[in-house]
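Asks: just the structure for this:
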Amino acid sequence: MRDMIQQFRRPARHLITSVLALAAGTAAGCSSIDYQKLTTGKLSGSLFVMWVGEGNSSGDGNFLFVPDPRDPLIFHRADRDAPGSAIKPGLMYTDGGSIPKVAQVFKGLSPWGYAPAYMIHDWVFIAHHCIVDGNTEKRFDQVRGVGFKDSAAILGEAIKALIATRQVAPNDVAPGAITAAVGSVVAKNLWDEKGACESLQVSAKDIAAAEAAIPGSTTRAQNLRTFQVPQATVPAVAVKPAKIIARVSFE
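Replies: Predicted coordinates for the structure are as follows:
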């Protein structure tokens, strides 16, 4: 996992892959987030998983989470006054090694594949790091004011939303363990890091590949409502379209 993290310049998935190893151990004892007491959020819209190239021996390749340009994924917290009450995640890398499981999750086959919830949580981390580094882009505004404990609670609430909509099967252990892990000391250390914003951005080449696969998925001109990378970062050259691996939608 660490090799993949370094390979992709500290991509969004770095938190989940670094922390989940602690879920069955000491992390649960370090968290102040009680999954059972969390409210159930609501997911709407759609997202795509795209393959943009070969990875290393640790995974199956380089993958992106891409919001549907016509109906982007949105997460709503039950408490509309809570920090991060409505979150629209933008384009980001995801862990190639977990994509086969993710594809199964989208069909409701695996109780461990909480991929849309991870996307919401990882986008909170990306936005937080960019805000801390002084980024004033509007795409990060809905995450301003979200604290570390809020980020863990948001993940738990998103997992509950997946279970409530039967996207994944109920599980007595996994949701609480994952929520505890992302509320752990290890996760807090990652949250407190500075200077990470630039390294978390999707490359211009991969942005262009996603755009070629689904026009409007990354360009602001056609997708003003979503939090996306600026159009200026997309190179004006012909590129091979990314391969769409899976799509998941919420009513």
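Asks: rest of the way, CA atoms for contacts and neighbours
Replies: OK.
Asks: where exactly do the helices run in the stretch 151-251 of the chain?
Replies: With DSSP state H, counting those that start in this stretch, the ranges of helices along the stretch 151-251 of the chain come out as 174-182, 185-191, 204-213.
Asks: tell me the most buried of these?
Replies: helix 174-182 (a mean of 25; mean count of other C-alpha atoms under 10 Å).
Asks: that one packs against which elements?
Replies: helix 14-19, helix 27-30, helix 148-164 (3 or more C-alpha pairs under 8 Å, 6 or more residues apart in numbering; DSSP states H and E).
Asks: next SSE downstream of the shortest one?
Replies: Past helix 27-30, further along toward the C-terminus, the next helix or strand under DSSP states H and E is strand 42-53.
Asks: rewinding a little: which of the helices of the stretch 151-251 of the chain has the lowest mean pLDDT?
Replies: Sorting those by mean pLDDT places helix 174-182 lowest, at a mean of 83.
Asks: that one vs helix 148-164, what angle?
Replies: Angle of helix 174-182 versus helix 148-164, following axes from the mean of the first three to the mean of the last three C-alpha atoms, to 10 degrees, is 160 degrees.
Asks: can you dump the C-alpha coordinates of helix 174-182 into PDB?
Replies: Below are the C-alpha coordinates for helix 174-182, written out as PDB (Å, rounded to 0.1, in the frame of the first residue of the first chain):
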ATOM      1  CA  ALA A 174     -16.800  -3.300   9.400                       C
ATOM      2  CA  PRO A 175     -18.500   0.100   9.600                       C
ATOM      3  CA  GLY A 176     -17.600   0.700  13.200                       C
ATOM      4  CA  ALA A 177     -14.000  -0.400  12.600                       C
ATOM      5  CA  ILE A 178     -13.600   1.800   9.600                       C
ATOM      6  CA  THR A 179     -15.100   4.800  11.300                       C
ATOM      7  CA  ALA A 180     -12.800   4.200  14.300                       C
ATOM      8  CA  ALA A 181      -9.800   3.900  12.100                       C
ATOM      9  CA  VAL A 182     -10.400   7.300  10.300                       C
END
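Asks: lowest-confidence stretch among the helices and strands packed on helix 174-182?
Replies: helix 27-30 (a mean of 46).
Asks: skipping its backbone neighbours, what lies nearest residue 75 in space?
Replies: Nearest in space to residue 75, with sequence neighbours left out and distances taken as C-alpha to C-alpha, 6 or more residues apart in numbering, is residue 43 at 4.7 Å.
Asks: what distance do you get for residue 94 to residue 37?
Replies: Distance of residue 94 to residue 37, given as C-alpha to C-alpha, to the nearest Å: 29 Å.
Asks: these two: which is more packed in?
Replies: Using other C-alpha atoms under 10 Å, the more surrounded residue of residue 94 and residue 37 is residue 94, with 26 against 10.
Asks: would you check that the more buried one makes contact with residue 51?
Replies: No: in this structure, residue 94 is not within contact of residue 51 by C-alpha atoms under 8 Å, at 9.8 Å.
Asks: list residues touching both of these two?
Replies: 62, 63, 64 (C-alpha atoms under 8 Å, 6 or more residues apart in numbering).
Asks: as CSV, these with pLDDT, secondary structure and distance to residue 126 would be great.
Replies: Shown next, in CSV, are these (pLDDT from 0 to 100; DSSP: H, G, I helix; E, B strand; the rest coil; distance: C-alpha to C-alpha, whole Å):
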residue, pLDDT, secondary structure, distance to residue 126
62, 77, strand, 18
63, 84, strand, 17
64, 89, strand, 14
